[in-house]
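Novice: okay, predicted coordinates and the sequence, questions at the end:
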Amino acid sequence: LCDEVTGLRKQVADLKAEMVVRRRVEDALRHSEEQLRALGDSAPAGLCLLHAAGTVRAANLPFARLLGYESTAELQRLSEAFGLFAAPEELGRVLAMVWDAEHCMAGVRFRRKDGSSQSLGVIGNRCREGYGVALAVLNGVPAEPV
């Protein structure tokens, strides 16, 4: 019985040690995520990651505000329902732009929260496989689609 109690105490001590390590890892990850969000939201340009289907994977606050949204969560929710682009062919233009290395900069028409259309100059780049497209709005300067 004493050996069993000693064994159980050892297991409890090991579990506590593992829990401390796991909590440290989770805290470090949470801190890294907070820093990344602060960096993105402090950037002087609007940034957006798109799924290949054209839905918003992630965006920073400046990008959301350029299109009239209060938050990135609102942008993701409403753009999923109504679309991010002013017209269906805009997504095709964006995808073609990022696959053609010579034309990675263009004006793109986006749908604003109020339903109106807004043309913004963007730089586009394809992300690593499976992650879609990355867009950066050039200082929020309107641009005519090309």
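Specialist: Received, thanks. Residues are numbered from 1 along each chain as shown.

Novice: the closest residue in space to Phe82 that isn't next to it in sequence and Leu84, how far apart?
Specialist: Distances taken as CB to CB, 6 or more residues apart in numbering place Arg111 nearest to Phe82, at 6.3 Å, with adjacent residues excluded. The C-beta positions use only the backbone N, C-alpha and C, and glycine is treated the same way. Counting by CB to CB, to the nearest Å, the gap from Arg111 to Leu84 is 6 Å.

Novice: isn't Gln118 right next to Leu67, touching?
Specialist: Yes - Gln118 is within contact range of Leu67, at 6.7 Å (criterion: CB atoms under 8 Å).

Novice: touching both of the two, which residues are there?
Specialist: 110, 112 (CB atoms under 8 Å, 6 or more residues apart in numbering).

Novice: quick one: which of the two has more around it?
Specialist: Each of Gln118 and Leu67 has its neighbours counted (other CB atoms under 10 Å); Leu67 has more, 23 against 16.

Novice: so the residue nearest to Phe82 sits against Leu78, correct?
Specialist: No - Arg111 is beyond contact range of Leu78, at 9.0 Å (criterion: CB under 8 Å).
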